[in-house]
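A.B. asks: kindly generate the corresponding structure for this input.
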Amino acid sequence: MRRDGLTFDPGDAGEALCIDGAPLSSAGCWLSSAEIGEAAPALAISEVPGRPGGIDRTLELADGSAVPGRRACSFTVATPHPTRAMLWLGRLAGRVVEVFYEPLGFSLRGRLSVGQWDLGGISTVALALDAEPYGLGIEQTSGGQRVFIEGSAPVEPVFEVRVETARPRVELKVDGRGVMRVPSTAGGWKPGAVIVIDSAGRTVRVGGNLVAPTLDSDWPVLDPGQHEIACEGCEVKTSWRERFMF
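C.D. replies: Numbers count the residues shown, from 1 in each chain. Coordinates of the predicted model:
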């Protein structure tokens, strides 16, 4: 069925886009069009007199590639009953959301903007998503020392460190290198204590309370491939979301 040049097929278009886990069909909407923006490299070229092309001062990743910029994505949503959709999208406007676009097969995360509604027999509105440059897969978890990252971009993991033997500080090692050191303010970590190190959120918590790592600590980032995770006298569970450049 077509109305005002828009295809209405709730069986397909209503499920093609989900925002924070809720499909468009749950608010009586369907997806009319979509455009996924490019992840253009962020370059910094300094002009130098007498040097052809100047000097490339671009910030690079470990693999030598330029850091990609964010993706400007747009989606047009249509509905015959706009009030319900207005209330739903209004609650999401300005928030960082996760958008699953079915043709991609993975999610995009970014800040959502809601445009001006075009009200009529079939009402439409444009959504803009200032998205991170990569797609996100489902959450992965490893309870052993070996972690294998299958995506094509580095991930920011969460480590749940459970202390098994008493010690003055906890030192997390990635591939044999100490990256995160957490001293105990009580004089020593006791067996049973659980320390959560969140690289994405840049936080270290014990029982929900923030604690401070040492100044020489780094926030662990895992490149694609296999890694060894170790922490003496502790059991470590690693969680992460695969990231895919496309």
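
A.B. asks: which SS state does residue 83 fall under?
C.D. replies: Classification of residue 83 using DSSP: H, G, I helix; E, B strand; the rest coil returns helix.

A.B. asks: residue 88 now?
C.D. replies: Applying three-state DSSP: residue 88 is helix.

A.B. asks: use 33 as the first number from now on
C.D. replies: Okay, residue one is now 33; in that scheme the one you just asked about reads as residue 120.

A.B. asks: how about the nearest residue to it, chain neighbours excluded?
C.D. replies: residue 59 (4.2 Å; Cβ to Cβ, 6 or more residues apart in numbering). (C-beta placed from N, C-alpha, C; glycine too.)

A.B. asks: check that neighbour and give its pLDDT.
C.D. replies: We have a pLDDT of 93 for residue 59.

A.B. asks: number of residues surrounding residue 233?
C.D. replies: Residue 233 has 12 neighbours, counted by other Cβ atoms under 10 Å.

A.B. asks: go on, the one 5 residues further on?
C.D. replies: Number of residues near residue 238 (other Cβ under 10 Å) recorded here: 18.

A.B. asks: and it, how close does it get to residue 110?
C.D. replies: For residue 238, the distance to residue 110 (Cβ to Cβ, to the nearest Å) stands at 49 Å.

A.B. asks: again, but for residue 266
C.D. replies: Distance from residue 266 to residue 110, by Cβ to Cβ: 53 Å.

A.B. asks: now do residue 191
C.D. replies: When residue 191 is compared with residue 110 (using Cβ to Cβ), they lie 44 Å apart.

A.B. asks: thinking again about what came up before, residue 115 is in contact with the residue nearest to residue 120, correct?
C.D. replies: No - between residue 59 and residue 115 there is no contact under Cβ atoms under 8 Å: 10.1 Å.

A.B. asks: among those two, which residue is more densely surrounded?
C.D. replies: Neighbour count, other Cβ under 10 Å: between residue 59 and residue 115, residue 59 has more, with 19 against 10.

A.B. asks: for that one, what are its contacts?
C.D. replies: 111, 116-117, 120-121 (Cβ atoms under 8 Å, 6 or more residues apart in numbering).

A.B. asks: just the pLDDT for residue 98.
C.D. replies: 83.

A.B. asks: residues touching the residue lying closest to it once chain neighbours are set aside, list them.
C.D. replies: Distances taken as Cβ to Cβ, 6+ apart put residue 73 closest to residue 98, at 3.6 Å, once the chain neighbours are dropped. Residue 73 makes contact with 90, 97-101, according to Cβ under 8 Å, 6+ apart.

A.B. asks: is residue 73 in a bridge, and if so with what?
C.D. replies: Under the criterion DSSP bridges, residue 73 forms beta bridges with residue 100.

A.B. asks: check the one 4 residues further on too.
C.D. replies: Under DSSP bridges, the beta-bridge partners of residue 77 are residue 88.

A.B. asks: same check, this time on residue 128
C.D. replies: Here residue 128, judged by DSSP bridges, has bridge partners residue 143.

A.B. asks: what do you get for residue 193?
C.D. replies: Using DSSP bridges, the beta-bridge partners of residue 193 come out as residue 227, residue 268.

A.B. asks: so it touches residue 270, yeah?
C.D. replies: No - between residue 193 and residue 270 there is no contact under Cβ under 8 Å: 9.9 Å.

A.B. asks: for the protein, name the helix or strand with the lowest mean pLDDT.
C.D. replies: Within the chain, no helix or strand scores below strand 34-35, which has a mean of 34 by mean pLDDT, DSSP states H and E.

A.B. asks: just checking, residue 170 touches residue 273?
C.D. replies: Yes - taking Cβ under 8 Å as the definition, residue 170 is a contact partner of residue 273 at 7.4 Å.
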